[in-house]
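Undergrad: sharing a sequence plus its predicted fold:
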Amino acid sequence: MITMKTPDISTIEKVLDNEATAEEAKWVVGWFKTEEGMKWLSERMDKDERQIHLGEEQEWVDHEIPSAVMYQRINQQLRRQTIRRWIFRAAAILIPITLFIGLFVNVNNQIDLLASHEMEEIVVPRGEKMRVIFQDGSSVYLNANSRIRFPKKFTYKDREVELDGEGLFEVASNKNRPFTVVLDRMKVKVLGTEFNVKAYTEDQDISVALNHGRVELSSGDFQTFELSPGEKAIYDRTSRLCKIVRPQNIAESSAWTTDQIIFEQTPMKDAIQTLSRIYDVTFRIEDKKALNYTYTIKTRQTNILTTLRELEKISPVRFLSQGDTICVNVKKAVSKSI
């Protein structure tokens, strides 16, 4: 176990505020490698995490942060150290905490040590989910097989992220710094709200469902317009048309966040694509007649075989597991001889 003299709190704060000398920084970084230092840093991160609340984003944005050189120095020293599973990466801290089937990721301005135009990217594998908290207090809960890109530090004028996949956003209100989600052929601009975006590259439709607040949609294919709470915009990539609907239960658009699977007249092709993302499996259509069926069902996300048995109850389609692949066939009718 590494032991060394404990730096006083003022020296530690000077290092974190980029006001320390090279010798002080070396001392503090070395102390962070000790058991005492790791414990202090872990508790400090816990405290910082609890202080991130909606409406407090300016406090975080205006806080002075260490330079890139200082960050790299600290990062190199701590790279091999595990602090309660906190992982330092680039200009953000990724905190993988298993929450049933989800992961929690904290992108904290206090520890976001680079103020540059470089972009960070997080990719959620198939079969997993992940929550990202940005330094302004906004967050997004990402569904399986999703990818999000964002600047290592938001500018003072705007907050812009790029999404390929699906995510439930909760945006910290800030009229002076609008939050924009950039999608393929569309942008969603918000001032403070909760909404679900589904924009997988392989899907024909892009959908934006507004739970509450206000969002503005814009695209080169249609005029800018606002969604009202309870409304859902569905944009067809092929026809380039966008329609607005008001579902009976807007919350069902983000039901995936509570491990629900909801199909509403969903074609087989789209259903197995969704299941492929959720369970990280591959489907092979062996009988093309299976593509003629649609599904309307509400069930819990448990395991792939249980879900497939539920689908078999409401259609003649049969699913057979062969290794990592699910073969899809249609049950043949049995002829009766007289």
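TA: Nice, thanks for sending it over. Fair warning: this is a prediction, and the values are worked out from it, not measured in the lab.
Undergrad: please make it C-alpha for all contacts and neighbour counts, starting now.
TA: Will do.
Undergrad: for the residue nearest to the spatial centre of the chain, which residues are in contact?
TA: Among the residues of the chain, residue 142 comes closest to the average C-alpha position under Cα atoms, centre = their mean, at 2.6 Å. Residue 142 sits next to 124, 129, 130, 131, 132, 165, 166, 167, 168 when contact means Cα atoms under 8 Å, 6 or more residues apart in numbering.
Undergrad: likewise residue 11?
TA: So residue 11 contacts 20, 24, 28 (Cα under 8 Å, 6+ apart).
Undergrad: mind checking which of the contacts of residue 142 are buried?
TA: Buried members of the contacts of residue 142, scored by 16 or more other Cα atoms under 10 Å, are 124, 129, 130, 131, 132, 165, 166, 167, 168.
Undergrad: inside strands: which ones of those?
TA: Judged by DSSP state E, the buried ones among the contacts of residue 142 include 124, 129, 130, 131, 132, 165, 166, 167, 168 as members of strands.
Undergrad: what is the nearest of those to residue 310?
TA: Closest to residue 310 out of those is residue 129 (23.0 Å), distances taken as Cα to Cα.
Undergrad: low-confidence stretches in the stretch 51-200 of the chain?
TA: Applying pLDDT under 70 to the stretch 51-200 of the chain flags residues 51-117.
Undergrad: how does it look with 90?
TA: 51-120, 131-139, 151-158, 172-178, 184-185, 190-193 (pLDDT under 90).
Undergrad: what about residue 253, how many residues close to it?
TA: 21 (other Cα atoms under 10 Å).
Undergrad: hmm, I was thinking of residue 34
TA: Residue 34, neighbours per other Cα under 10 Å, totals 17.
Undergrad: so which of the contacts of residue 11 is the most crowded?
TA: residue 28 (23 neighbours).
Undergrad: show me what the strand or helix carrying that residue is packed up against.
TA: Per DSSP states H and E, residue 28 falls inside helix 22-32. Secondary-structure packing of helix 22-32 (3 or more Cα pairs under 8 Å, 6 or more residues apart in numbering; DSSP states H and E): helix 9-16, helix 35-50, helix 68-78.
Undergrad: state the mean pLDDT of that helix.
TA: Throughout helix 22-32, pLDDT has a mean value of 77.
Undergrad: quick one: buried residues of it?
TA: Buried, per 16+ other Cα under 10 Å, within helix 22-32: 24, 25, 26, 27, 28, 29, 30, 31, 32.
Undergrad: stretch 313-330 too?
TA: 317, 318, 319, 326, 327, 328, 329, 330.
Undergrad: what about it, how long is it end to end?
TA: 13 Å (Cα to Cα, to the nearest Å).
Undergrad: quick one: contacts of that stretch?
TA: So stretch 313-330 is contacted by 281-290, 293, 295, 308, 311-312, 331 (Cα under 8 Å, 6+ apart).
Undergrad: now it: average pLDDT?
TA: Mean predicted confidence for stretch 313-330 is 92.
Undergrad: so how far is that stretch from its chain's centroid?
TA: Distance, stretch centre to chain centre, for stretch 313-330: 30 Å (Cα atoms, centre = their mean, to the nearest Å).
Undergrad: what do you get for stretch 184-193?
TA: On Cα atoms, centre = their mean, the centre of stretch 184-193 falls 16 Å from that of its chain.
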